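# mind folding the following:
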Amino acid sequence: PALGCVYKLVEFDKKPRIKLSQEIKKVSIPGKKVLYRMYGKAGYPLVDLMCLQDEEPPKPGDKVMCRHPLDPTKRVVCVPVRVVKLHHVVWDGGPCAERPTITEVRKVAMRELSELRHDHVRHLNPT
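Numbers count the residues shown, from 1 in each chain. Next up, the predicted model:
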């Protein structure tokens with residue numbers, strides 16, 4: 001097995017950087033980001049929201065306008081009842097967080113999969 005990945009620089013010396021391309025899906029969004037998962041009343045995830053690091057995070061109960069990063073016609077207003085930050089810094093010039101065990105990683109993954117709506121994960125005609 002092999003892991004294929006691409007590193008895209010988004011900031012250098014505290015200045016945002018952008019990767020340009022003729023293919024819009026390959027253009028990077030400049031600046032450091034923070035990702036949030038917003039949950040609805042039924043407990044299911046509504047949308048994952050990407051914000052710039054210096055932007056105010058979404059708050060439960062507040063209306064949030066969510067826009068697709070590549071298609072300006074796709075947008076939705078969400079009112080989350082719960083907001084979860086999706087990533088945390090684990091390396092900043094060296095390790096800065098404890099690594100979870102494989103059992104802990106599996107537990108988190110299984111919990112998150114169980115939170116998805118059935119129609120999103122079904123094998124036949126997923127939503």
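# pull the longest helix from this protein.
Secondary structure of the chain per DSSP state H: the longest helix is helix 102-114.
# got the contact list for stretch 110-118?
Identification of contacts with stretch 110-118 by C-beta atoms under 8 Å, 6 or more residues apart in numbering yields 39, 43, 44, 45, 121, 127. C-betas here are computed from N, CA, C, even on glycine.
# want to throw the residues you listed into JSON lines with distance to residue 92 and neighbour count?
Conversion of those to JSON lines gives the following (distance: C-beta to C-beta, whole Å; neighbours: other C-beta atoms under 10 Å):
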{"residue": "39", "distance to residue 92": "29", "neighbour count": "18"}
{"residue": "43", "distance to residue 92": "34", "neighbour count": "10"}
{"residue": "44", "distance to residue 92": "33", "neighbour count": "12"}
{"residue": "45", "distance to residue 92": "28", "neighbour count": "17"}
{"residue": "121", "distance to residue 92": "34", "neighbour count": "11"}
{"residue": "127", "distance to residue 92": "38", "neighbour count": "8"}
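# so which of these are in helices?
Within the contacts of stretch 110-118, residues falling in helices by DSSP H are residue 121.
# need the mean per-residue confidence for stretch 87-99.
Across stretch 87-99, pLDDT averages out at 87.
# likewise stretch 13-29?
Mean pLDDT, stretch 13-29: 87.
# put the alpha carbons of that stretch into CSV.
Extracted C-alpha coordinates of stretch 13-29, given in CSV (Å, rounded to 0.1, in the frame of the first residue of the first chain):
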residue,chain,number,x,y,z
ASP,A,13,5.8,34.3,7.4
LYS,A,14,2.2,35.0,8.5
LYS,A,15,1.3,36.0,5.0
PRO,A,16,-1.4,34.1,3.1
ARG,A,17,-0.3,32.2,0.0
ILE,A,18,-2.4,30.8,-2.9
LYS,A,19,-1.8,28.1,-5.5
LEU,A,20,-3.1,29.2,-8.8
SER,A,21,-4.3,26.7,-11.5
GLN,A,22,-6.4,26.7,-14.7
GLU,A,23,-8.5,24.1,-12.9
ILE,A,24,-10.6,25.8,-10.2
LYS,A,25,-10.7,22.7,-8.0
LYS,A,26,-6.9,22.8,-7.8
VAL,A,27,-6.7,26.5,-6.6
SER,A,28,-6.0,26.6,-2.9
ILE,A,29,-7.8,28.9,-0.5
